[in-house]
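Undergrad: model this:
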Amino acid sequence: MSTILITGCSSGFGLETVRLFLDRGWTVIATTRSGRADMLPASERLRVLPLDITDRSSIDRVIGDAGPIDVLVNNAGFGAPVPVELTSPETAKSLFETNTLGTLAMLQATLPQFRERRAGVVINVTSAALLKPLPLIGVYRASKAAVDAYTESLAVELEPFGIRVHLVMPGRSPETKFGESARRHLRGLDNPDYQPLIERMLTGMRSNAGPVTHAEDVAQAIWRTATDPSAPLRIPAGADAEAWMAEAG
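TA: This next block holds a predicted model:
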């Protein structure tokens, strides 16, 4: 029986991925900041562990408690819809500490067991926003672009050890809490130059119009990546993400 460890499982993409892998017979180690299990499906094959990916001691405890795993999914992260000019140093630091360095720390804690066994799959969940320039998420995009860059190198470095490395790139998903969480970091509505752009962006984040990404799309993309040895490095998740990748060539 295969085992998958997924970060950021309290809602959205992570929660749906937990459900899918449990339904298909896997053992799942789901992490959330609180470690609460009440929002997750009950299963004898599910373990829920508290994890703060910005705290290396927390990461080391989870990896130690988890034991051997076959697949690591780095899904935890957050966004901040702020013009680059108005992004505070505190917000920028938090974005990189969580999205970039937190993912890196999870990799560094997990890869020794993969190398020892000469097997394993790493799946980093980034964003289809990297495929085209979008306003108000410049620093967020930068934090995810850094993950994209080191994932490319990691794939080359780990190939000799039989370890696969991939990127799953979701598009816009109004049904998740990502936008809700991101709006807590919003700045600029009181700026007359940026206000119209921000209001249009917020309306778009809440809208179901046009192609969007559903949590199930991301879970299915992660399933494909985990189980298909021929999966490409980058996999778009969602109709909008697929369209953007086609446009990017």
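
Undergrad: now do the strand of greatest length in the chain, average pLDDT.
TA: In the chain, with assignment by DSSP state E, the single longest strand is strand 163-170. The average pLDDT within strand 163-170 is 98.

Undergrad: parallel or antiparallel, list what pairs with that strand.
TA: According to DSSP bridges, strand 163-170 forms sheet pairs with strand 120-125 (parallel), strand 234-237 (parallel).

Undergrad: next, the buried residues of the helix or strand following the first one.
TA: Once strand 120-125 ends, the next helix or strand along the chain (criterion: DSSP states H and E) is helix 138-158. For helix 138-158, a neighbour-count test (16 or more other CB atoms under 10 Å) marks 138-144, 146-148, 150-151, 154-155, 158 as buried. Quick note: C-beta positions are derived from backbone N, CA and C, even for glycine.

Undergrad: and these, which is closest to D52?
TA: S143 (17.0 Å; CB to CB).

Undergrad: quick one: that closest one from S94, how far?
TA: As for S143, its distance to S94 is 9 Å (criterion: CB to CB, to the nearest Å).

Undergrad: next one: D228
TA: With the distance defined as CB to CB, D228 ends up 34 Å from S94.

Undergrad: thought R56 was touching L104?
TA: No. R56 is not in contact with L104 according to CB atoms under 8 Å; the separation is 10.5 Å.

Undergrad: quick one: which of those two has more around it?
TA: Neighbour tally, R56 and L104, criterion other CB atoms under 10 Å: the higher count belongs to L104, 18 against 15.

Undergrad: pLDDT score for the closest residue to that one other than its chain neighbours?
TA: Take L104 and drop its neighbours on the chain: the residue closest to it by CB to CB, 6 or more residues apart in numbering is Y150, 6.8 Å away. Looking at Y150, its pLDDT is 98.

Undergrad: pLDDT score assigned to the closest residue to N99 other than its chain neighbours?
TA: Leaving aside its sequence neighbours, N99 sits nearest to S143 (CB to CB, 6+ apart; 4.0 Å). Turning to S143, the model gives it a pLDDT of 98.
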